[in-house]
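Participant: Quick check, what structure comes out for this input:
(2 chains)
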Amino acid sequence: GDSVTQMEGPVTLSEEAFLTINCTYTATGYPSLFWYVQYPGEGLQLLLKATKADDKGSNKGFEATYRKETTSFHLEKGSVQVSDSAVYFCALSDTDTGNQFYFGTGTSLTVIP
Amino acid sequence: ETGVTQSPTHLIKTRGQQVTLRCSSQSGHNTVSWYQQALGQGPQFIFQYYREEENGRGNFPPRFSGLQFPNYSSELNVNALELDDSALYLCASSRGTSHSYNEQFFGPGTRLTVL
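Facilitator: Residues are numbered from 1 along each chain as shown, chains lettered A, B, ... in the order given. As a prediction, this is how the structure comes out:
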C-alpha cells in the first residue's frame, strides 16, 4: 500500500544553517506530494506541493523536488530562521485513492539563535 | 473567507462513552476529511465525505462514524471509547470530486483525552 517514510527527528539547527529533511514514498499510482507544517498549538498548513515528476515546489524559502527515480521529495531550505521551528510532515495523495492523504510521522525542527 | 473550524477544542471522556466532534468546512468546499493524529505521529486518515456521502475510509473500526450536512459541515462520532482513541482529531476541507487532487485545508483540531 501507499506510504511515506520521513527522516526521524528531532532536528536542532542554528539560525542560518542549511536544512534538509528526507522523505521517500511508496505509491501504486501517480501521487501528488506535499509538505505540511504544524506550528505549536495549530493545525497543519500546506507548505508546498508538487503534482508530477520533476516538479519543484517552493514557498517561504523552502523547496522540494519530486524525484520519481528515487521516489523522494526531500525538503530543503538554505538558511533557517527561529520562526521555522515547527513539525514538518511529508504527505502524498495517490491518483488511485485521490481522496486519501498519507502522512509521514513528522520531523520536529528547532532553530536556535 | 472563513477557514476550517472545529469544536470543541478540548474534550475529556471516560472509556465506553461516546463522543461527537464537529467541523465547519471552508466556504465553497464540499468535501470533508477526518484524521486522527496520535501524539508524536502523523495524521491517519479516518474517512472522507463528499456531498453528504462517505467517499473513502481508512483502517478504522465501525465505531468511528460520520455525517456530512447539506451545508457541508461534518460530524465525527466515536462510540465505545477506548484509551487508544486519545488523540488530536483533525478535520480538513477541500473543493472538488473524488479521484483528483484537491488541496486540503486543515482546522486546528480537537484534542480528545480518554481516561
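Participant: When you work out contacts or count neighbours from here on, use the C-alpha atoms and nothing else.
Facilitator: Noted.
Participant: What segments of chain A are strands?
Facilitator: Taking DSSP state E as the criterion, chain A carries its strands at A:3-6, A:11-14, A:19-21, A:23-26, A:32-38, A:44-50, A:56-59, A:62-65, A:75-77, A:86-93, A:101-103, A:107-112.
Participant: same question but for chain B, I mixed them up
Facilitator: Using DSSP E, strands in chain B cover B:5-7, B:10-13, B:19-24, B:31-37, B:44-50, B:53-57, B:64-68, B:74-78, B:87-94, B:105-106, B:110-114.
Participant: Quick one: closest of those strands to chain A.
Facilitator: Closest of the strands of chain B to chain A is strand B:105-106, at 5.7 Å (criterion: C-alpha to the nearest C-alpha).
Participant: For that closest one, what is the distance to the chain centroid?
Facilitator: In terms of C-alpha atoms, centre = their mean, to the nearest Å, the centre of strand B:105-106 is set 11 Å apart from its chain centre.
Participant: Can you list the strands that it pairs with?
Facilitator: Within its sheet, strand B:105-106 is paired with strand B:87-94 (antiparallel), according to DSSP bridges.
Participant: now the partner strand and strand B:31-37, what's the angle there?
Facilitator: Here strand B:87-94 runs at 160 degrees with respect to strand B:31-37, directions being taken by axes from the mean of the first three to the mean of the last three C-alpha atoms, to 10 degrees.
Participant: Could I get the CA-only coordinates of strand B:87-94 as PDB?
Facilitator: Extracted C-alpha coordinates of strand B:87-94, given in PDB (Å, rounded to 0.1, in the frame of the first residue of the first chain):
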ATOM      1  CA  ALA B  87      -5.500  11.900  20.100                       C
ATOM      2  CA  LEU B  88      -5.800  15.100  18.200                       C
ATOM      3  CA  TYR B  89      -8.700  14.800  15.600                       C
ATOM      4  CA  LEU B  90      -8.200  16.900  12.500                       C
ATOM      5  CA  CYS B  91     -10.800  18.000  10.000                       C
ATOM      6  CA  ALA B  92      -9.800  19.100   6.500                       C
ATOM      7  CA  SER B  93     -12.000  20.500   3.800                       C
ATOM      8  CA  SER B  94     -11.400  20.700   0.100                       C
END
